[in-house]
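Q: The sequence isn't on hand, but the structure is:
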DNA sequence: GCTCATTGACTGAGTGGTCAGTCAAGCAGC
DNA sequence: GCTGCTTGACTGACCACTCAGTCAATGAGC
């Protein structure tokens, strides 16, 4: 109530998020966003000159939020952070909210090459993700809990794998069978086949389940 | 020239391919496709009732082509096929043709959840891809050149990884530096960190470079 | 403490442009 | 003269964006 920001700004960002989830990016109209916050499209244009401006503002805010969240975790042990990083990609097959939002993000990513400003925003978020993981790996090596490896290539491998798994889950997910979710299968494989061989002798890592619980804060 | 199909059908399919590459999926109009084959949009509607019909036909043809290509390779040794499978994802950073087409495919994938027919087509192609790899792994295990593993989970891991890497390369690729391409980095890591530990003692595998050459036929 | 100018938030009714799809007519080959 | 392919002109829907104006709050001058 006593914010500095123009009172409606956050409402609009929330509306963009909801509208993206409900309609996807390709089908997203200014009207959808306006409906979501019970305002007129004219108001959106009053605050943001163009639809693109609005979406770029939304991406930038998302990026800032993620950045903040990552900083809080920097004091945890590297191996915990590594498993947590993997776990952060996993979501239940029936979590349609998250699937829908990530689907919209994927749509935006595929528009990156056609739009400089969107691409710039997305590239920054990609860098943030990989840098976070790279730092975690470096910390682990420095602390003597991880075997020395090419941290850049390893980070690339992890991110590609988890991201690819999520892409499949959000685009092809077969309704809600009893299956556990594609990303989760891949995440478990990643831990066994890539993380475990990296641990120095005698070092243990948390299970995926433990990590999943610890990120629900 | 002496096909059963209506003579113009292949021309139209080619035009769809070109138009997808040049315009992307989101921006693709019937006019773009018509221009590409120097015909009118009315003609497209004469052959295909709706734009969706046309695109589904295009996807189905692509799938059939890929299926045919895979069958030709079924007699190669499993380890060669495995490395070839990985190599097939790799493309040079300056191969903008391929990048553009895969980008359009990614756009279509992100539309899958909103379109039953597109999703069905894409799901079939996803299954084909993973089944191919799974069979290769099973053959390798049967032949005693690969250590026994959960072939389904392993195939999932490989496909997720390569697909994720390609997604990044086509959406965020930084012009043509001297870099070697993100997918290639990841592919090399995949061979060292995932394939090599799978080989039975004394079994060698072709290098990525060899495989890259052998698929240029 | 009343008046009046100013501003910021907000709206409804357009406008112009784009695009998938329709339709009636032209025209080749048989 | 019929069949199948092809066309240009047209239509109706949709959508980002504009514009002229309303309304409430703020604040200066008296």
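A: Cool, got the structure. Treat the numbers as computed from the prediction; the structure is a model and nothing was measured.
Q: contact partners of stretch A:21-36?
A: A:12, A:14-16, A:18-20, A:40-41, A:43-45, A:51, A:54, A:97, A:100-101, A:103-104, A:107-108, A:111, B:26, B:110-111, B:113-114 (CB atoms under 8 Å, 6 or more residues apart in numbering or on different chains). The C-beta positions use only the backbone N, C-alpha and C, and glycine is treated the same way.
Q: chain center to stretch A:15-28: distance?
A: From the chain centre to the centre of stretch A:15-28 is a distance of 17 Å (CA atoms, centre = their mean, to the nearest Å).
Q: does any bit of it sit next to DNA strand D?
A: Yes. Counting by CB under 7 Å from any atom of the strand, DNA strand D is contacted by stretch A:15-28 at A:27, A:28.
Q: buried stuff in that stretch?
A: By 16 or more other CB atoms under 10 Å in any protein chain shown, the buried positions in stretch A:15-28 come out as A:15-26, A:28.
Q: And stretch A:149-168, by the same measure?
A: Quick answer for stretch A:149-168 (16+ other CB under 10 Å): A:149, A:151, A:153-168.
Q: Likewise for stretch A:30-46?
A: A:30, A:32, A:33, A:34, A:35, A:36, A:37, A:39, A:44.
Q: And the helices in chain A, which stretches?
A: Under the criterion DSSP state H, chain A contains helices at A:9-23, A:30-36, A:41-47, A:51-72, A:78-87, A:96-111, A:116-142, A:151-172, A:182-190, A:208-214.
Q: Could you take those and lay them out as CSV, with extra columns for mean pLDDT?
A: Formatted as CSV, the helices of chain A follow (pLDDT from 0 to 100):
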stretch, mean pLDDT
helix A:9-23, 87
helix A:30-36, 91
helix A:41-47, 89
helix A:51-72, 87
helix A:78-87, 94
helix A:96-111, 91
helix A:116-142, 93
helix A:151-172, 93
helix A:182-190, 92
helix A:208-214, 93
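Q: Could I get those helices in TSV, plus columns for distance to residue B:141?
A: Below are the helices of chain A laid out as TSV (distance: least, CB to CB, whole Å):
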stretch	distance to residue B:141
helix A:9-23	43
helix A:30-36	51
helix A:41-47	58
helix A:51-72	41
helix A:78-87	27
helix A:96-111	34
helix A:116-142	32
helix A:151-172	22
helix A:182-190	17
helix A:208-214	26
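Q: what does chain A have sitting close to DNA strand D?
A: Residues of chain A lying close to DNA strand D by CB under 7 Å from any atom of the strand are A:27, A:28, A:29, A:30, A:31, A:41, A:42, A:45, A:49, A:50, A:51, A:52.
Q: Farthest-apart pair in those, please.
A: A:27 and A:49 (22.0 Å; CB to CB).
Q: is stretch A:40-53 anywhere near DNA strand C?
A: Yes. Contact between stretch A:40-53 and DNA strand C, assessed by CB under 7 Å from any atom of the strand, occurs at A:40, A:41, A:42, A:43, A:46.
Q: In TSV: these, plus distance to chain B.
A: TSV is the format used below for the residues of stretch A:40-53 next to DNA strand C (distance: CB to the nearest CB, whole Å):
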residue	distance to chain B
A:40	26
A:41	21
A:42	26
A:43	26
A:46	27
